[in-house]
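K.L.:
heads up, no residue letters with this:
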């Protein structure tokens, strides 16, 4: 039988070839292929291990020199070789928070529109358009942010915000001071635009997984569309939505190029959101090739390690939540 | 009377939130339109034949983007050549051999995390492993760091697409005496071919705009270079450098480069979409 199957593949057995030999060779090939695929699967784990190991290895000099104080010192001085990571960490977290504050509600409302309101024929085109937004490389957002969005904000939006909140206690500090255009606030807005598609498409997928019977029962009781969304769809899909939000957060925390263009690269923590700042990824992108001295390089790699740990935790939580959801839908 | 008031209130709340849903969708789509419009506006005026035939210029003179385009193409091709076989093999293990393994569960989890891990960290990883060891920046290091980004994308699509292949096909292959490895290569791969190609296209789309992992692996190069052991220019890095420069010519070229990348990426993702759509309908 084996030779019949093989003839079609052009490996055709020569007439007097020993049948046992062929079988043995096939068995060997089978085992080899199986082990190659297994090795390739293990490679994924090796890549992760390699990333963690190389980052830890590279940050040893900096961690040895500064110890735990690296995590909370604000000074970043390449000349005196004193480095602390709190300013980039602060920038990373604040820009991501701004992004999530905007992108989560907007993304959920778009998903609501796509699943409940949108006419059938428009659903696919709009869904695809939103996903194309996710495919645009981050450097495009960066160049657009630098030349178009930041000047626009500087001219129209930021002066308005400064005036608007000028007399309100806490907000006046947050929105103080000259409108630079570039800064933490601008970076947060661009991140919001970037993570919006991720949150939208995952929320849409989980909204669609709600059994129609549940929604129809609620409509049958006389619920409005909003009440169905708020009291039936959202509670049912809570885990998945949180997973999608965490996935978006993971993206926002690690996003490099779009932020590097518009954040201003200033190593200080400012009370005002309109002031220039920096994030972990922007610091590495801006300074790594110019870093002279082992300690400077090592401090930047240590920043990378911190970033990787933070995003790893966030993404792991996201995946675990989504897995739990799949298990429930499947079972 | 109470009921009428309550109903009016509910209706009003519904109207407001539904209006918000329309506004949110408009908001999301506006950005896509605005970004593409600006890109076309700024990029098209600089688009000419010389962009594809001349080297990157020194500030103040005219030139093109030939060397970064060539550098990007070469590194992308190498990255795909390295990353695709590894990704397909790993995906094969997960879908064909160890579908219910513990190993598969772990690999899938880690792979999904790598899929959205910050790409700048990949750059640092390859810097440590290759650039620091060899003592200089190189095109090879750039290509390998892109390959590290290709692998998770291909693993994911390969596993998904092979899982979609009906088991009856596999059984038919086995019943005519095909060994398992040949059954996978001749039957399963063939049935999932469109899906596997989609995975590669998505991976190319993903890496063609990647800047962060190239910044300190391939670095940049002002001149034509075919030496992969030396720094190589790439389109995203040149865009980054030129856009942040004070020179108007350079900024203009950056816009043109951005237009080229975006068009390539959008074309790739649309082709990938069409391929999967065909698969589903057939």
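P.N.:
Thanks, I have it. Just so it is clear, the model here is predicted, and its values are computed rather than measured.
K.L.:
Only C-alpha atoms from now on, for both contacts and neighbour counts.
P.N.:
Will do.
K.L.:
So the helix or strand residue B:200 falls within, near chain A or not?
P.N.:
Using DSSP states H and E, residue B:200 maps to helix B:193-208. Yes - counting by Cα under 8 Å from any Cα of the partner chain, chain A is contacted by helix B:193-208 at B:205, B:206.
K.L.:
contacts for that helix?
P.N.:
Applying Cα atoms under 8 Å, 6 or more residues apart in numbering or on different chains, the contact partners of helix B:193-208 are A:135, A:137, B:72, B:76, B:80, B:84, B:88, B:146, B:149-150, B:153-154, B:156-158, B:161, B:189, B:236, B:261, B:264-266, B:268-269, B:272-273, B:275-276, B:279.
K.L.:
just the buried members of the residues you listed?
P.N.:
A:135, A:137, B:72, B:76, B:80, B:84, B:88, B:146, B:149-150, B:153-154, B:156-158, B:161, B:189, B:236, B:261, B:264-266, B:268-269, B:272-273, B:275-276 (16 or more other Cα atoms under 10 Å in any protein chain shown).
K.L.:
quick one: the strands in chain B?
P.N.:
For chain B, no strands turn up when DSSP state E is the criterion.
K.L.:
Okay, now the unreliable bits of it?
P.N.:
Confidence mapping of chain B against pLDDT under 70 gives the ranges B:1-2, B:278-282.
K.L.:
try it again with 50
P.N.:
Chain B contains residues with pLDDT under 50 at B:282.
K.L.:
so what's whatever residue of it ends up closest to chain A up against?
P.N.:
Relative to chain A, the nearest point of chain B is residue B:90 (4.1 Å; Cα to the nearest Cα). Going by Cα under 8 Å, 6+ apart, residue B:90 touches A:37, A:38, A:39, A:40, A:41, A:42, A:43, A:44, B:155.
K.L.:
of those residues, closest to residue A:150?
P.N.:
residue B:155 (38.2 Å; Cα to Cα).
K.L.:
Which residues are in contact with residue 223?
P.N.:
Looking at chain A here, since you left the chain open. Residue A:223 touches nothing, counting by Cα under 8 Å, 6+ apart.
K.L.:
that answer is for a different chain, and I need it for chain B
P.N.:
Counting by Cα under 8 Å, 6+ apart, residue B:223 has contacts B:55, B:56, B:67, B:233.
K.L.:
rewinding a little: among the contacts of helix B:193-208, name the ones in helices.
P.N.:
Per DSSP state H, helices hold the following members of the contacts of helix B:193-208: A:135, B:72, B:76, B:80, B:84, B:88, B:146, B:149-150, B:153-154, B:156-158, B:161, B:189, B:236, B:261, B:264-266, B:268-269, B:272-273, B:275-276, B:279.
K.L.:
Residue B:209 contacts residue B:260, doesn't it?
P.N.:
No - with contacts counted by Cα atoms under 8 Å, residue B:209 stays clear of residue B:260, the gap being 10.2 Å.
K.L.:
Could you check which of these two has the larger neighbour count?
P.N.:
residue B:209 (24 against 18; other Cα atoms under 10 Å in any protein chain shown).
K.L.:
What distance do you get for that one to residue B:257?
P.N.:
11 Å (Cα to Cα, to the nearest Å).
K.L.:
Kindly report the same for residue A:256.
P.N.:
Taking Cα to Cα, one finds residue A:256 at 19 Å from residue B:257.
K.L.:
Run through the residues that contact the nearest residue in space to residue B:125 that is not next to it in sequence.
P.N.:
Nearest residue to residue B:125 in three dimensions, chain neighbours excluded: residue A:51, at 5.3 Å (Cα to Cα, 6 or more residues apart in numbering or on different chains). For residue A:51, the contact set (Cα under 8 Å, 6+ apart) comprises B:121, B:122, B:125.
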